[in-house]
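Peer 1: Below: sequence and its predicted model.
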Amino acid sequence: MIIKLRYALWISIASTFILGFFFPNQHPHFWWQKLPVFDVFFGFFGCILIIVFAKWVGHNWLMKDRDYYDRN
Amino acid sequence: MTVINSMPPAFIYILGALILPVVRIRRVQQALALLIPVIAMVSLLQLQPGIYWTGKFLGYDLVFGRVDKLSLLFAYVFVIISFIGMVYAIHIRETGQHVAAYLYVGSTLGVVFAGDLFSLFVFWEIMAASSVFLIWYNKTKTSLDAGFRYAMVHLLGGAILLAGIVMQTATTGSIAFNPFDLHTTAAKFILVGFLINAAVPPLHAWLPDAYPEGTITGSVFMTAFTTKSAVYVLARSFAGTEMLVWLGAIMALYGVFYAVLEKDIRRLLAYHIVSQVGYMVCGVGLGTEMAINGATAHAFCHILYKAVLFMGMGAIIHVTGRRNIFDLKGRNLYRKMPITLILYMVGAFSISAVPLFNGFISKTMVVAAAGYDHRPVIELLLHLASVGTFLSVGLKLPWGAWFGKPTGQEDDIPEAKEPPINMLLAMGIGSFLCILTGIYPKLLYDLLPHPVHFHPYTPSHVVASLQLLILTLAGFWLYLDKLMAGKPAITLDTDWFYRQFGRAVLLFCLYPLNRFRLLIQLAFAEKTKTVCRLSKNPYILLEMIWASLQGKNAVLETLLQRAYNENAYRIPIGIGVCASLIFLFLYALVYMRVAG
């Protein structure tokens, strides 16, 4: 099941990657919108950036035990 | 105007809320609760743009019905969601919850149609006062505390708003609710009052603090009204304010950031309210026609899908009693609650702006508006927030709640099953509207305040969205274990400041202030004691004076210890008789003298 899903994911990544070249942005406002596969990289690295950054800040600073506010 | 239109929509709800508790037959009460939004909708559909229901108060003009496309759009969605929320809550037997909900809805409609600052303020306060009961009805210690913090923040917000309104009225002489000049102090106060309700960081902490603690059904109402009415008033009076562009973009990411850390299912969604309202605040700040359209359209869509999301998570809490991903994951809940899962996913795809769902037609408009306004950083920030939205609401939350890797240690939650039919129906209506507006955006676009020249379904838009979403999925897959790891914890937010301030006040009262009080009390208690003892034997005072006249040293304390003996002070009876005889003799003498 997991293997099948993994294949499906690879296929969808590949197909959107290729589709990006066929349907470029008609009205780009910035240079990166002209890149056909910008969102592929932005989605992937953005996702990882959010997870890693949030977890890092969370564990080093913001996350406390559940009774944090109840302690005297 | 018909009978229905003889009163503002706000009063339809408020009147309804007052009648509901009087109706004792349950079926009739339920029917009435569902009828009220229908009546309000009929009333709204007959309203034409214009000014209605005006009055005079202390020489100022009150306007209860400023009707234009902007106010109508918000009113439509508020009425729709109040109906959906009531279907979801119709099984609740406590009428008080329905009353609080409808007072809340009514006052929000009052805010939306208010054309003057006085009526705006009054409805603003009723909104805060009624919604806090939706938290308190949960009847736990945590919800009681959270409700108090919620009430305190909103009272402060209301006070700041009132200060702004008073200054504005004093300087301009008018209470009209129109765009403000941000250079005046009054406008700054009013803006802060609005920003607190819009949950803009750092003034946002009341939202993720309070919404997860509300009742299951009450929280559904709460997600729709307070923040979106704040977006409405911002769009009405602060459109084009540069500061809001940045606050909105930061806000969109702020919510996303906290949602990654959050494991409480409704608090995670609450952080995504902050994030999504960020898009709207940003759109309002951009202030172009397209951005205002985007912000209002997104408010409309957001209210629908966020209600579906909260209803889905509420259903899980309703049947399992569990609210944390750690208590839900790996229990294969998808086998027992598949319909809830599907309906939730409609909401999740909508918030993630998947094509064919309504978030796609509104969120992309705000992001595109930032592009048209040539703001690269804002565009990228909003774009990144979209990634985080799909990551948390579209992937992490459903994975944690319904799926998760079973380790064999978990119980399988025997009590889990689909929620009551009315809950499913409410989610169904919400999901249907999410898909309907997603597939046929013209329905919504025709209602927007400005003409729409935006086409969401261009091939490049759709492909770019799919790229973004699928690669977010890939990133999620890769970091799944890291994302789900951890132990139950709380995450500090800006409520830390007022919670710590509250604790500091408490400690100050408990120790220094209490010690001071004790000191004074003890001192007075000593004095009072002496006076009490003295009052039993006041002659002692005379004795002391006598002793001091004689030059002796008499101590009060030793004198007080002596038992009171009345005979010590009693005069022999003969002296009294002698004195009266002398008096009589003198009297007789005088009398004879006068008579003679």
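Peer 2: Looks like it came in fine. Residues are numbered from 1 along each chain as shown, chains lettered A, B, ... in the order given.
Peer 1: pLDDT score for the nearest residue to B:Phe123 once chain neighbours are set aside?
Peer 2: Among residues not flanking B:Phe123 along the chain, B:Gly110 sits closest, at 3.3 Å (Cβ to Cβ, 6 or more residues apart in numbering or on different chains). The C-beta positions use only the backbone N, C-alpha and C, and glycine is treated the same way. Predicted confidence (pLDDT) for B:Gly110: 97.
Peer 1: Look at the residue nearest in space to the middle of chain A and report its pLDDT.
Peer 2: With distances taken as Cα atoms, centre = their mean, A:Cys47 lies nearest the centre of chain A, 2.5 Å away. As predicted, A:Cys47 sits at a pLDDT of 96.
Peer 1: Just name whatever secondary elements whichever strand or helix holds it is in contact with.
Peer 2: Using DSSP states H and E, A:Cys47 sits within helix A:38-57. Here helix A:38-57 touches helix A:2-22, helix B:242-261, helix B:376-389, helix B:459-478, helix B:480-484, going by 3 or more Cβ pairs under 8 Å, 6 or more residues apart in numbering or on different chains; DSSP states H and E.
Peer 1: Run through who's touching that helix.
Peer 2: Helix A:38-57 has contacts (Cβ atoms under 8 Å, 6 or more residues apart in numbering or on different chains) with A:13, A:16-17, A:20, A:32, B:256-258, B:260-261, B:383-384, B:387-388, B:391, B:464-465, B:467-472, B:474-476, B:478-479, B:482-483.
Peer 1: Using neighbour counts, trim these to the buried set.
Peer 2: Applying 16 or more other Cβ atoms under 10 Å in any protein chain shown to the contacts of helix A:38-57, the neighbour count classes A:13, A:16-17, A:20, A:32, B:256-258, B:260-261, B:383-384, B:387-388, B:391, B:464-465, B:467-472, B:474-476, B:479, B:483 as buried.
Peer 1: So, low pLDDT: which residues of chain B?
Peer 2: Counting by pLDDT under 70, chain B contains low-confidence residues at B:1-4.
Peer 1: the strands in it, which residues?
Peer 2: Counting by DSSP state E, chain B has these strands, from start to end: B:50-57, B:60-67, B:490-491.
Peer 1: can I get the ones you listed in a markdown table with mean neighbour count?
Peer 2: Formatted as a markdown table, these follow (neighbours: other Cβ atoms under 10 Å in any protein chain shown):
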| stretch | mean neighbour count |
| --- | --- |
| strand B:50-57 | 13 |
| strand B:60-67 | 19 |
| strand B:490-491 | 20 |
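Peer 1: nearest to chain A, of the ones you listed?
Peer 2: Ranking the strands of chain B by proximity to chain A (Cβ to the nearest Cβ) places strand B:490-491 first, at 5.0 Å.
Peer 1: and that closest one, which strands flank it?
Peer 2: With DSSP bridges as the test, strand B:490-491 is paired with strand A:63-64 (antiparallel).
Peer 1: where exactly do the helices run in the stretch 151-300 of chain B?
Peer 2: Here the stretch 151-300 of chain B has its helices, by DSSP state H, counting those that start in this stretch, at B:185-197, B:206-210, B:216-237, B:242-261, B:265-286, B:289-320.
Peer 1: So which of those is the most surrounded?
Peer 2: helix B:265-286 (a mean of 29; mean count of other Cβ atoms under 10 Å in any protein chain shown).
Peer 1: Taking helix B:185-197 as reference, get the angle to that one.
Peer 2: Relative orientation of helix B:265-286 versus helix B:185-197 (axes from the mean of the first three to the mean of the last three Cα atoms, to 10 degrees): 150 degrees.
Peer 1: still on that earlier bit, just the C-alpha atoms of the helix holding A:Cys47, please, in CSV.
Peer 2: Extracted in CSV, the C-alpha atoms of helix A:38-57 (Å, rounded to 0.1, in the frame of the first residue of the first chain):
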residue,chain,number,x,y,z
PHE,A,38,9.3,27.3,-9.3
ASP,A,39,6.4,26.1,-7.2
VAL,A,40,7.8,22.6,-7.2
PHE,A,41,10.9,23.8,-5.4
PHE,A,42,9.1,26.4,-3.4
GLY,A,43,6.6,23.8,-2.1
PHE,A,44,9.2,21.3,-1.2
PHE,A,45,11.8,23.5,0.4
GLY,A,46,9.1,25.8,1.9
CYS,A,47,7.5,22.8,3.6
ILE,A,48,10.8,21.6,5.0
LEU,A,49,11.8,25.1,6.1
ILE,A,50,8.6,25.6,8.0
ILE,A,51,8.8,22.2,9.8
VAL,A,52,12.5,22.5,10.7
PHE,A,53,12.3,26.1,11.8
ALA,A,54,9.2,25.7,13.8
LYS,A,55,10.4,22.6,15.5
TRP,A,56,13.8,24.1,16.3
VAL,A,57,12.3,27.3,17.8
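Peer 1: Now do B:Leu144 against B:Ala210, distance only.
Peer 2: B:Leu144 is 11 Å from B:Ala210, where distance means Cβ to Cβ, to the nearest Å.
Peer 1: give me every residue that touches B:Val153.
Peer 2: B:196, B:205-206, B:498.
Peer 1: Kindly report the same for B:Arg322.
Peer 2: B:316, B:328, B:413 are the contacts of B:Arg322 under Cβ under 8 Å, 6+ apart.
Peer 1: phi, psi of the residue lying closest to B:Ala368 once chain neighbours are set aside?
Peer 2: Of all residues not flanking B:Ala368 in the chain, B:Phe454 sits nearest, at 6.5 Å (Cβ to Cβ, 6+ apart). Phi and psi for B:Phe454, reported as degrees, to the nearest 10, are phi -120, psi 130.
Peer 1: tally of neighbours for B:Phe454?
Peer 2: Neighbours of B:Phe454 under the rule other Cβ atoms under 10 Å in any protein chain shown: 20.
Peer 1: Any stretches of chain A with poor pLDDT?
Peer 2: A:72.
Peer 1: how about a cut-off of 90?
Peer 2: Where chain A drops to pLDDT under 90, the residues are A:1-2, A:24-27, A:33-36, A:66-67, A:69-72.
Peer 1: Next up, the contacts around B:Val200.
Peer 2: Contacts of B:Val200 by Cβ under 8 Å, 6+ apart are B:247-248, B:251, B:277, B:281.
Peer 1: Let me know the distance separating A:Gly20 from B:Thr184.
Peer 2: The value you get for A:Gly20 to B:Thr184, if Cβ to Cβ is used, is 49 Å.
Peer 1: Turn the contacts of B:Arg322 into a markdown table, including distance to B:Pro179.
Peer 2: Formatted as a markdown table, the contacts of B:Arg322 follow (distance: Cβ to Cβ, whole Å):
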| residue | distance to B:Pro179 |
| --- | --- |
| B:Ile316 | 43 |
| B:Leu328 | 47 |
| B:Ile413 | 53 |
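Peer 1: circling back to that earlier point, wait, which of the helices and strands packed on helix A:38-57 is closest to B:Gly50?
Peer 2: When the helices and strands packed on helix A:38-57 are compared by Cβ to Cβ, helix B:242-261 sits nearest B:Gly50, at 28.8 Å.
Peer 1: hmm, the closest one in reach of chain A?
Peer 2: Yes - judged by Cβ under 8 Å from any Cβ of the partner chain, helix B:242-261 and chain A are in contact via B:256-258, B:260-261.
Peer 1: Show me what that helix is packed against.
Peer 2: Secondary elements touching helix B:242-261 (3+ Cβ pairs under 8 Å, 6+ apart): helix A:38-57, helix B:265-286, helix B:376-389.
Peer 1: That helix to helix B:216-237, inter-axis angle?
Peer 2: Using the same axes, to 10 degrees: helix B:242-261 against helix B:216-237 is 160 degrees.
Peer 1: Could you tell me how many residues sit around the nearest residue to A:Phe23 once chain neighbours are set aside?
Peer 2: Once flanking residues are discounted, A:Phe23 sits nearest to B:Pro459: 4.1 Å by Cβ to Cβ, 6+ apart. By the criterion of other Cβ under 10 Å, B:Pro459 has 13 neighbours.
Peer 1: State the distance from B:Pro459 to B:Leu356.
Peer 2: From B:Pro459 to B:Leu356 the distance is 14 Å (Cβ to Cβ).
Peer 1: Enumerate every residue touching B:Ser6.
Peer 2: B:Ser6 touches nothing, counting by Cβ under 8 Å, 6+ apart.
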